[in-house]
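1. Structure for this input, please:
(2 chains)
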There are 2 protein chains.
Amino acid sequence: MDRIYLDYSATTPVDKRVLKAMEPYFSEEFGNSMSLHSFGQSAKLALENSRAVLAELINAKPNEIIFTSSATESNNTVLKGIALTKKSGHIIISSIEHPCIIESANWLEKQGFEITELPVDKFGMINVEDVKNAIKENTILVSVIHASNEIGTIQPIAEIGKICKEKGVLFHTDASQSFGKELIDVEKMNIDLLTASSHKIYGPKGVGLLFIKNGIRIEPLLHGGGQENGMRGSTVNIAGIVGFAKAAGICKKEMKKENKRLIALRKELIKGVLKIKNSYLNGHPEKRLANNANFSFDFIEGESLLMQLDMEAIACSTGSACSSFKLEPSHVLLATGIKPEQAHGSLRISLGRFTTKKDIKKVLKVLPKIVQKIRDISPYK
Amino acid sequence: MDRIYLDYSATTPVDKRVLKAMEPYFSEEFGNSMSLHSFGQSAKLALENSRAVLAELINAKPNEIIFTSSATESNNTVLKGIALTKKSGHIIISSIEHPCIIESANWLEKQGFEITELPVDKFGMINVEDVKNAIKENTILVSVIHASNEIGTIQPIAEIGKICKEKGVLFHTDASQSFGKELIDVEKMNIDLLTASSHKIYGPKGVGLLFIKNGIRIEPLLHGGGQENGMRGSTVNIAGIVGFAKAAGICKKEMKKENKRLIALRKELIKGVLKIKNSYLNGHPEKRLANNANFSFDFIEGESLLMQLDMEAIACSTGSACSSFKLEPSHVLLATGIKPEQAHGSLRISLGRFTTKKDIKKVLKVLPKIVQKIRDISPYK
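-> Below you'll find the predicted structure:
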């Protein structure tokens, strides 16, 4: 039985074209980009070419991009780096950030920084007025996720950026889920810092980037040998970075067509799933990532749903992969105001490049039966 | 002209056997190890198998190994993690540590921690009595590099470990250059924390590990989604980790034979190079990594040497790759007491798995002529 993967928001397979681009950099052009000899200089050249490609995708300058090992590292670098540079102050985040932002903020709170978590509406949307009102004299950073990894809701980033600019406060967005999928222009959107990740866009795991607008001072998270303009020590992962750039290039080229295709598939999926009694769509009906669908089912445990689907060779998720092992309901769903028992009964189906009509058909055939089966034995109904 | 790579201490090519082991994990078994479905569970299984292989190589328990993105990240995690857990205190490092240890220590000094740098003798060797004498009431950590990345000197790690154990102080060693090349037993050697890197042993770049002995509390550097037992957030780089484990397995199997082969090649190299007038071997004559040779030449700029060798398609280094772009003399060589002008005239030739007799012969044919040529036009002679 062919397995159907519908968890593209957790991670994606490396596109064969990406792997092909990476291959020479493992065993042939493997030099250390800091070495002065020809092996090193080849690596350096590939590094700078990759940086230029990735910068272009968000209308940044190449020297505004530093490579990291992941979105988590980029996000930790921003929050802690800004905080440790400023020494004290107030940081605003949303209540639906990724755990790495929330945990970094919690840690900073213990170090004496002041943290505000902005609420969201029932669609998971931030009110820009709330951002405006939350900014204080001592606010040093606003960090808002561009598109939710769980419910796909896309925030009004440009409006938030504008407010931050007017108030003279740094604005960071975690674009892990939107980079390569939605148009981003850091200049037009007044973004000062931006996080992106390779493995969400068919590039390899272990590579991320951080856009830092020229002129912004930030304490590095990894002190070391002066790589990345002194902003991030560590031997540069050249094969990974080349893969990331290749992946981004493909996304740029195919974005418009691919989003259209995904939206059509998702429409079919949502229409079909909502035929199940007592089922709901989480997140915003329109302002959401093309590949994301997130549902709640009454009288259901998401984990049971997931396991039953897995037995039918369909891979989905209850919320973010990062919190799969916790048995607590999703903080994102709770922030949208739904009840804990509904949050427990949630299912994220995230589509991607290799999702077909046939896959969606299979889900729509299997899912209603599974829901019924679980409900039949449920003590909650 | 075939290029000759003699900069294996800077980085190594990925062994073809390693790349083959990694391949399925890019596009087929690409799941997120935190996902509950079959894709995730395959990744989780590969992750735990890799952890077991790497733990065994240093006689650690699998749950004492966390994966990081590099030795730099591991080293930053140790110094900052221990410091931030203990809140205040005194840290001892050696004067020949890698820049990422020194820079982390410098940063901690600015935060109010007390740092002691231990001296080394003319061979780059630490005196264990100095360690004993440096430990104070408030010492929270001793961190000493196992084998120097520049001059190859291997420190008396077991003796230092014993002293630290007696004094009740945590002991960390940066084993980036020795892991997979020298026998390491964390239990026998009383090592509490150990850093290792994949790309120094024919594994991919972008992967490192940190051994943390059970019972030691340390603040994570990357806060996030609970991966690596809450010790390191970030989606696990599964292809990279599988590659690291495969690379380590090969090293374990071939270590004895390979070291013998390298020592024979190096002996030939050192004998030949020291025939050049006013040339010296840096580091310890015997207690050094099998693959490392480091020379100084009077009246020579290392950079010129390197460039001329590169034109002959031979890739070497002046010191560590991480400081190639600084024009300051090596802090490691200066710590051994040689004069700045001699440190400037240094050349590191580091051998590896693919180095042949023919390569050494070529170096011995070319190098004396180049040295003579540079000296002929040198203003220093």
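2. Read off the pLDDT value for A:K257.
-> As summarised for this prediction, A:K257 has a pLDDT of 98.
3. any idea which element it lies in?
-> helix A:238-273 (DSSP states H and E).
4. Packing partners of the very next helix or strand once past that helix?
-> Sequence-wise, the next helix or strand downstream of helix A:238-273 (DSSP H and E) is strand A:279-282. Here strand A:279-282 is seen to pack against helix A:238-273, strand A:292-297 when contacts are counted using 3 or more C-beta pairs under 8 Å, 6 or more residues apart in numbering or on different chains; DSSP states H and E. (Glycine included, C-beta is placed from N, CA and C.)
5. Identify whichever of these lies nearest to A:I93.
-> Closest to A:I93 of these, according to C-beta to C-beta: strand A:292-297, at 20.9 Å.
6. So A:L19 lies in a strand, does it not?
-> No - per DSSP: H, G, I helix; E, B strand; the rest coil, A:L19 lies outside any strand segment and is helix.
7. so who does it touch?
-> By C-beta atoms under 8 Å, 6 or more residues apart in numbering or on different chains, the contact set of A:L19 is A:243, B:26-27.
8. redo that, cut-off 10 Å
-> Applying C-beta atoms under 10 Å, 6 or more residues apart in numbering or on different chains, one finds that A:L19 lies in contact with A:13, A:202-204, A:239, A:243, A:246, B:23, B:26-27, B:239.
9. and chain A, what are its domains?
-> For chain A, the domain assignment from automatic domain parsing gives the residue ranges A:4-12+A:254-376, A:16-250.
10. Which among the ones you listed is found nearest to B:I58?
-> With C-beta to C-beta as the measure, domain A:16-250 is the member of those nearest B:I58 (21.1 Å).
11. what's the span of that closest one, first residue to last?
-> 11 Å (C-alpha to C-alpha, to the nearest Å).
12. And stretch A:167-182, by the same measure?
-> The stretch stretch A:167-182 measures 26 Å between its terminal residues, going by C-alpha to C-alpha.
13. tally of neighbours for A:Q111?
-> Counted with other C-beta atoms under 10 Å in any protein chain shown, the neighbours of A:Q111 add up to 11.
14. go on, A:P119?
-> Applying the criterion other C-beta under 10 Å, we find 13 residues in the vicinity of A:P119.
15. Out of the domains of chain A, which one sits most buried?
-> Between the domains of chain A, domain A:16-250 has the highest mean count of neighbours, a mean of 22, where neighbours are mean count of other C-beta atoms under 10 Å in any protein chain shown.
16. Surely A:T139 is in contact with A:E114?
-> Yes - under the criterion of C-beta atoms under 10 Å, A:T139 lies in contact with A:E114, with a separation of 8.8 Å.
17. quick one: common contacting residues for those two?
-> Residues touching both A:T139 and A:E114 comprise A:89-92, with contact defined as C-beta under 10 Å, 6+ apart.
18. which pair in the residues you listed spans the largest distance?
-> In the shared contacts of A:T139 and A:E114, two members sit farther apart than any others by C-beta to C-beta. They are A:G89 and A:I92, at 10.6 Å.
19. Overlap in contacts, the two.
-> Listed contacts common to A:G89 and A:I92 are A:114, A:136, A:139-141, A:169; contacts here mean C-beta under 10 Å, 6+ apart.
20. Can you list which of those are found in strands?
-> Assigned to strands by DSSP state E, the following of these qualify: A:114, A:139-141.
21. of these, closest to chain B?
-> A:L141 (15.7 Å; C-beta to the nearest C-beta).
22. Now do the same contact list for that closest one.
-> A:78-79, A:81-83, A:86, A:89-93, A:105, A:108, A:113, A:164, A:169-172, A:192-193.
23. sorry, back to before: of the helices and strands packed on strand A:279-282, which is nearest chain B?
-> The closest approach between chain B and any of these, judged by C-beta to the nearest C-beta, belongs to helix A:238-273 at 5.1 Å.
24. wait, what's in contact with A:L118?
-> By C-beta under 10 Å, 6+ apart, A:L118 lies in contact with A:92-97, A:126-128, A:130-131, A:133-134, A:142, A:144, A:160, A:335.
25. nearest residue to A:G283 other than its sequence neighbours?
-> With C-beta to C-beta, 6 or more residues apart in numbering or on different chains as the measure, A:I151 is the residue that lies nearest to A:G283, at 3.3 Å, once sequence neighbours are left out.
26. where does that neighbour land on pLDDT?
-> The predicted structure scores A:I151 at 97 on the pLDDT scale.
27. quick one, phi/psi of it?
-> Backbone geometry at A:I151, expressed as degrees, to the nearest 10, gives phi -110, psi 0.
28. repeat for the one 3 residues further on
-> In terms of degrees, to the nearest 10, the main-chain angles of A:I154 are phi -100, psi 120.
29. Make JSON lines out of the helices and strands packed on strand A:279-282 and add distance to B:I276.
-> As requested, the helices and strands packed on strand A:279-282 are exported to JSON lines (distance: least, C-beta to C-beta, whole Å):
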{"stretch": "helix A:238-273", "distance to B:I276": "34"}
{"stretch": "strand A:292-297", "distance to B:I276": "66"}
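30. Reformat the ones you listed as a markdown table; add distance to chain B.
-> Supplementary listing: the helices and strands packed on strand A:279-282 in a markdown table, determined by distance: least, C-beta to the nearest C-beta, whole Å:
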| stretch | distance to chain B |
| --- | --- |
| helix A:238-273 | 5 |
| strand A:292-297 | 16 |
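31. Check the secondary structure at A:V14 for me.
-> coil.
32. Cross the contacts of A:L118 against helices and list the overlap.
-> Among the contacts of A:L118, the members falling in helices are A:128, A:130-131, A:133-134, A:160, A:335 (criterion: DSSP state H).
33. just these now: which is nearest B:C251?
-> Distance from B:C251 was checked for each of these by C-beta to C-beta. The minimum falls on A:A335, at 48.3 Å.
34. which residues touch that closest one?
-> Each residue near A:A335 by C-beta under 10 Å, 6+ apart is listed here: A:94-97, A:117-122, A:124, A:148, A:150-151, A:343.
35. And these, which is closest to A:L269?
-> Closest to A:L269, out of all of the contacts of A:A335 and judged by C-beta to C-beta, is A:I151, at 14.8 Å.
36. thinking A:F113 is in contact with A:I92, fair?
-> No - contact between A:F113 and A:I92 fails when scored by C-beta under 10 Å: they sit 11.2 Å apart.
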